[in-house]
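no sequence on hand, only this structure:
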């Protein structure tokens with residue numbers, strides 16, 4: 001077994017669409033159709049999956065084209081038993097689903113070389129991330145996305161780490177339903193109840209309806225929170241709510257609506273005090289300050305009054321710039 005490593009691609013990534021057009025698998029027009037379909041999806045999907053879902057080509061055709069063009073090995077994962085010690089090397093298993101990859105073997109002559117089946121063997125970021133997690137040199141082989149996802153599902157019990165999805169609350173319920181059987185814990189937001197506030201700050205007057213319906217679907221899929229004997233959450237939903245300056249009454253309405261529709265034991269509430277103005281709020285001067293202790297504690301009191309006794313609370317010291325990542329769009333395509 002001697003598939004080429006990532007160095008065989010160079011650090012300049014060739015684009016999947018260009019390779020498939022060059023190989024005659026798809027036309028330029030079909031590529032544009034797939035890219036448009038990809039942009040329309042509420043949750044980001046890889047181009048290869050977009051091509052398959054649109055019925056433009058098949059996973060096998062994509063795999064064979066990449067195998068020939070990149071001179072890379074392919075692997076059939078159906079019936080392939082991945083050793084437990086290899087699976088346990090991945091301390092962050094959520095990245096397997098995210099990138100569409102799974103490690104399957106260690107080089108018999110070089111124990112620092114890890115063979116990984118990938119739906120997109122040109123994904124340098126995926127190989128870098130897995131290399132950091134495992135501390136090994138990553139050597140890609142190509143497999144179909146379907147086989148990779150099936151293989152991940154088969155080894156989930158060996159990993160013993162819940163799969164977590166970090167959501168924004170503005171998803172369609174059918175999008176959440178697509179994650180059935182994949183996600184153990186949902187982290188989601190319910191930001192606003194007021195149409196006026198959600199329109200003003202997020203240009204989404206319909207936000208609350210989507211957030212509540214999506215939350216209902218998450219609870220339906222995961223059930224009430226469950227913990228292991230060490231107190232580590234294994235499944236369930238965590239609902240975050242960030243208290244905003246001048247908006248504590250809207251926070252009251254959010255909490256009341258949550259309690260009325262779902263009760264207080266079907267999810268874990270996380271009340272956040274970490275709002276930090278970034279100095280770019282000329283159009284929203286009312287937000288150009290941190291929240292006061294009165295604002296936050298009044299929302300906490302409301303939560304306790306409604307029966308949210310297991311909620312997560314924050315110290316006001318969380319509202320610091322060092323806790324806020326730089327949103328400079330780095331890495332956003």
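Arrived safely. Note that the coordinates shown come from a computational prediction; the quantities given were computed from them, not determined experimentally.

without its sequence neighbours, what residue ends up closest to residue 130?
residue 138 (5.5 Å; C-beta to C-beta, 6 or more residues apart in numbering). For the C-beta atoms, the positions are set from N, CA and C on the backbone; glycine is no exception.

helix/strand/coil for the one you found?
When classified by DSSP: H, G, I helix; E, B strand; the rest coil, residue 138 comes out as strand.

how near is it to residue 155?
Remark: distance between residue 138 and residue 155 (C-beta to C-beta, to the nearest Å) = 18 Å.

now swap in residue 199 and tell me
Taken as C-beta to C-beta, the span from residue 199 to residue 155 is 45 Å.

per-residue confidence at the residue nearest to residue 130?
Model confidence at residue 138, expressed as pLDDT, equals 93.

right, and it touches residue 114 too?
Yes. Using C-beta atoms under 8 Å, residue 138 is in contact with residue 114, at 5.8 Å.

shared neighbours, those two?
Contact criterion C-beta atoms under 8 Å, 6 or more residues apart in numbering; residues shared by residue 138 and residue 114: residue 130.

and the spatially most central residue of the chain, its phi and psi?
Centroid-nearest residue in the chain: residue 165, 4.9 Å away (criterion: C-alpha atoms, centre = their mean). Torsion angles at residue 165 (phi, psi; degrees, to the nearest 10) stand at phi -120, psi 120.

show me what contacts it?
Per C-beta under 8 Å, 6+ apart, neighbours of residue 165: 179, 183, 185-187.

just put those residues in a markdown table and tack on pLDDT.
Shown next, in a markdown table, are these (pLDDT from 0 to 100):
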| residue | pLDDT |
| --- | --- |
| 179 | 89 |
| 183 | 90 |
| 185 | 93 |
| 186 | 95 |
| 187 | 94 |
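
just the buried residues of the residues you listed.
Neighbour-count burial (16 or more other C-beta atoms under 10 Å) is assigned, among the contacts of residue 165, to 179, 183, 185-187.

let me have these in JSON lines, extended by secondary structure and distance to residue 207.
Putting the buried ones among the contacts of residue 165 into JSON lines (DSSP: H, G, I helix; E, B strand; the rest coil; distance: C-beta to C-beta, whole Å) gives the following:
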{"residue": "179", "secondary structure": "coil", "distance to residue 207": "20"}
{"residue": "183", "secondary structure": "coil", "distance to residue 207": "22"}
{"residue": "185", "secondary structure": "strand", "distance to residue 207": "22"}
{"residue": "186", "secondary structure": "strand", "distance to residue 207": "17"}
{"residue": "187", "secondary structure": "strand", "distance to residue 207": "17"}
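
I'd like those residues as TSV, with distance to residue 236 appended.
Listed next are the buried ones among the contacts of residue 165 as TSV, based on distance: C-beta to C-beta, whole Å:
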residue	distance to residue 236
179	14
183	11
185	6
186	8
187	10
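
all strands for the stretch 201-333 of the chain, in order.
Applying DSSP state E, counting those that start in this stretch to the stretch 201-333 of the chain gives strands spanning 226-227, 233-242, 268-272.

these: which one's closest to residue 19?
Closest to residue 19 of the strands of the stretch 201-333 of the chain is strand 233-242 (C-beta to C-beta; 39.8 Å).

which stretches of the stretch 201-333 of the chain form helices?
Applying DSSP state H, counting those that start in this stretch to the stretch 201-333 of the chain gives helices spanning 207-222, 248-262, 293-306.

most tightly packed of these?
Ranked by mean neighbour count, the helices of the stretch 201-333 of the chain are led by helix 207-222 with a mean of 20 (mean count of other C-beta atoms under 10 Å).

so where's the protein shaky on pLDDT?
For the chain, residues meeting the criterion pLDDT under 70 lie at 1-13, 91-93, 157-161, 315-333.

what would the strands of the stretch 201-333 of the chain look like in TSV with mean neighbour count and distance to residue 39?
Shown next, in TSV, are the strands of the stretch 201-333 of the chain (neighbours: other C-beta atoms under 10 Å; distance: least, C-beta to C-beta, whole Å):
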stretch	mean neighbour count	distance to residue 39
strand 226-227	12	37
strand 233-242	20	28
strand 268-272	20	31
